[in-house]
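Peer 1: how would this look folded up:
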Amino acid sequence: MSNGFISKTALIIILIAVFGGLFIYRYLSSKEPLVKENDQSNQKEDLIRVTNPKPNEIIKSPYSVRGEARGNWFFEASFPVRLVDSNGKILILTFAQAQGEWMTTDFVPFESSLSFEIPETEAGELILQKDNPSGLPEYDDEIVIPVRFR
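Peer 2: Here you go, the predicted model:
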């Protein structure tokens, strides 16, 4: 009789462990990641690296965007920068300026100062666009960084 009791107890413990593990797995896998799947900041590190802001960072005006990009991301030492709210409304359209010699294929530091009105939406996107004076679509590129507003 004690042998049957131990078997039932072991079975109950195993079932609790299995269902507990499944519950923990489902709970952890259902959590929304901090970085949106459409965030491209890690996908384009060989072309452009943004140090400020980080994805989903809370930003307020004035704000300084910083990073480094390959020289061919620039044209005449700058490239376009857009900040939009979650409805797609443009809050500011400006330029990032190279902080060094940009006629290279190496990384060049850049900076852009953003002054904008805080929108009604809580989130938006910072879009850093490769300058493309040719206008040819095959040379277009951009990086989109999700941001939040306070």
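
Peer 1: how many neighbours does residue 15 have?
Peer 2: Using other CB atoms under 10 Å, residue 15 is surrounded by 10 other residues. C-beta: built from backbone N, CA, C; applies to glycine.

Peer 1: Revised request: answer the last question for residue 108.
Peer 2: Around residue 108 there are 21 other residues, counting by other CB under 10 Å.

Peer 1: again with the one 5 residues further on
Peer 2: By other CB under 10 Å, 15 other residues sit near residue 113.

Peer 1: Report the separation between it and residue 137.
Peer 2: Distance, residue 113 to residue 137, by CB to CB, to the nearest Å: 29 Å.

Peer 1: Grab the nearest non-local neighbour of residue 110.
Peer 2: Closest residue to residue 110 apart from its sequence neighbours, by CB to CB, 6 or more residues apart in numbering: residue 96 at 4.4 Å.

Peer 1: can you map out the helices along this structure?
Peer 2: Along the chain, counting by DSSP state H, helices occupy 2-30.

Peer 1: Now tell me which helix or strand of it has the poorest mean pLDDT.
Peer 2: Taking mean pLDDT, DSSP states H and E as the measure, the chain has helix 2-30 as its least confident helix or strand, at a mean of 67.

Peer 1: and the residue nearest to residue 75 when sequence neighbours are not counted, how far is that from residue 52?
Peer 2: The shortest distance from residue 75 to any non-neighbouring residue, by CB to CB, 6+ apart, is to residue 131 (3.8 Å). Residue 131 is 20 Å from residue 52, where distance means CB to CB.

Peer 1: who has more neighbours, these two?
Peer 2: residue 131 (20 against 13).

Peer 1: Please determine how far the residue nearest to residue 110 is located from residue 63.
Peer 2: 12 Å.

Peer 1: Same drill for these two, tell me which one is more crowded.
Peer 2: Using other CB under 10 Å as the criterion, residue 96 and residue 63 rank with residue 96 on top: 26 against 18.

Peer 1: which ones are touching that one?
Peer 2: Shown in contact with residue 96 (CB atoms under 8 Å, 6 or more residues apart in numbering): 65, 69, 78-81, 110-112, 128.

Peer 1: now with 7 Å?
Peer 2: Residues near residue 96 by CB atoms under 7 Å, 6 or more residues apart in numbering: 65, 78-79, 81, 110-112, 128.
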